[in-house]
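A.B. asks: The sequence and its predicted three-dimensional model are supplied below.
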Amino acid sequence: MKAYKLVVSTPDGNAFDKDVIEIALRGTEGDFAVRADHIPFITATKEGDVRITYPDGEDIIAIASDGILTVTKEKTTLLCMEFKIK
């Protein structure tokens, strides 16, 4: 699968900045995932687990507070108050 840049920013700075193939998390309307070449959009996210998949297929799980996810052609950015890899 094609990789893309994922950045997670908190008030303390960038908590995550790597190439990934997928991020899966909870939005205000339910769970969803973003892969490379997804249509650009902005949505609110809910507190909970975030699954991130690296290009080698490895998954990590993090927890994020409520936030805003922005998807553009250049990168995907999650803005939240707290983000911690489990």
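C.D. replies: That came through fine. Residues are numbered from 1 along each chain as shown.
A.B. asks: contacting residues around the most centrally placed residue in the chain?
C.D. replies: Central residue of the chain (CA atoms, centre = their mean): I23, 4.8 Å from the mean position. By CB atoms under 8 Å, 6 or more residues apart in numbering, the contact set of I23 is 6, 33-34, 50-53, 76, 78. Using the backbone N, CA and C atoms, a C-beta is placed for each residue, glycine as well.
A.B. asks: Read off the pLDDT value for E22.
C.D. replies: If you check E22, the pLDDT there is 98.
A.B. asks: Actually, D31.
C.D. replies: According to the prediction, D31 has pLDDT 97.
A.B. asks: Kindly provide the distance from it to P55.
C.D. replies: Taking CB to CB, to the nearest Å as the measure, D31 falls 22 Å from P55.
A.B. asks: Which residue is the nearest non-sequential neighbour of E74?
C.D. replies: Nearest non-adjacent residue to E74, counting by CB to CB, 6 or more residues apart in numbering: K5, 7.0 Å away.
A.B. asks: so what's the backbone phi/psi at that neighbour?
C.D. replies: phi -80, psi 130 (degrees, to the nearest 10).
A.B. asks: Mind checking what secondary structure D37 has?
C.D. replies: Recorded secondary structure, D37: coil (DSSP: H, G, I helix; E, B strand; the rest coil).
A.B. asks: My understanding was that it contacts K2; is that so?
C.D. replies: Yes: here D37 reaches K2: they are 6.8 Å apart, a contact under CB atoms under 8 Å.
A.B. asks: Would you list the buried entries among the contacts of I23?
C.D. replies: 6, 34, 50, 52-53, 76, 78 (16 or more other CB atoms under 10 Å).
A.B. asks: Give me the number of neighbouring residues for G27.
C.D. replies: Neighbours of G27 under the rule other CB atoms under 10 Å: 12.
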